[in-house]
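Chemist: let me see the structure of the following:
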Amino acid sequence: MAANLDLALICTAMGGELNVRRVERWLAVCAEADVSPLIVLNKADPGRDPTADVTALQATGADVIAVSALHGTGIPQIRSRLMPGQTATLLGSSGVGKSTLVNALLGVDAQATGSVRVGDDKGRHTTTARSLHAMPGNAFLIDNPGVREVGLVAAGGVTDSFPEIESLLGTCRYRGCRHRGEDGCALDAAVAAGTLDAARLAAWRVLQTEAVSQSRRIDKGIRADAQRKWKRTAQSHRERQDTVAWQDGQDG
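Modeler: Residues are numbered from 1 along each chain as shown. Take a look at the predicted model:
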């Protein structure tokens, strides 16, 4: 989506658009790319209490700022995180108000925005291409179209984005524990003791399985590409040998 990033603003919105599991996916992507994340909870408009949603998002271990892009609440806090010379990007699903947030951060209407849908208060998809904006204070911001699905590449980012689980890995009774209900699993014991959230463990297991599977597919693809390259090289070598043999026969 972008390269050479310093900060990722993971955008979500209050109410029905809040999906903590999707935010966890974005955090895993940021950890794998070594990009600092900041969760932005948008649509914390006057009259709406964001406390419960902020608490749910803080369980991920990442920083959270509740904002109302429409009314300007929380915008100064985000601007303070955009350091001179650094590049940030907006990540999130369609309809969470990323374009409105860009306009609020810039102080001008640089991005087109859409009205919310009647009945569910969800925003509409408006951004269709990436755009780079120079921010006040000499930082840069990349706006991205909304993403429906967030895929993973490697398992390392998943573990890094679940620090409370990472601290337990290696403490199970058996060294080869797969953390899938085995006897003596430290993760299950932590859930039973109330020190680890069961939903977080379930999310970690899903993302870990997906990341490992994706990593294997990538490795398989790399091996297949290498094999095709080797076959092309061998075929080219044989063709050169046949050409040399034919020329030697002509000269003889």
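Chemist: dihedrals phi and psi, M14?
Modeler: With angles defined as degrees, to the nearest 10, M14 sits at phi -70, psi 160.
Chemist: check L38 too.
Modeler: Dihedral pair for L38: phi -140, psi 120, per degrees, to the nearest 10.
Chemist: likewise R79?
Modeler: phi -60, psi -40.
Chemist: go on, E166?
Modeler: phi -60, psi -40.
Chemist: before we move on, which element is the nearest residue to it once chain neighbours are set aside in?
Modeler: Among residues not flanking E166 along the chain, T159 sits closest, at 5.1 Å (C-beta to C-beta, 6 or more residues apart in numbering). The C-beta positions use only the backbone N, C-alpha and C, and glycine is treated the same way. Here T159 sits within helix 155-160, counting by DSSP states H and E.
Chemist: please enumerate the helices of the stretch 101-250 of the chain.
Modeler: 155-160, 163-166, 186-193, 198-251 (DSSP state H, counting those that start in this stretch).
Chemist: hey, what's V40 bridged with?
Modeler: C11, I65 (DSSP bridges).
Chemist: surely it touches A8?
Modeler: No. In this structure, V40 is not within contact of A8 by C-beta atoms under 8 Å, at 10.0 Å.
Chemist: got the contact list for the residue nearest to E166?
Modeler: 165-166, 169, 208 (C-beta atoms under 8 Å, 6 or more residues apart in numbering).
Chemist: quick one: it from I165, how far?
Modeler: 7 Å (C-beta to C-beta, to the nearest Å).
Chemist: other SSEs contacting the helix or strand where L9 lies?
Modeler: Here L9, judged by DSSP H and E, is contained in strand 7-13. Under the contact definition 3 or more C-beta pairs under 8 Å, 6 or more residues apart in numbering; DSSP states H and E, strand 7-13 sits against helix 20-33, strand 36-42, strand 87-92, helix 98-106.
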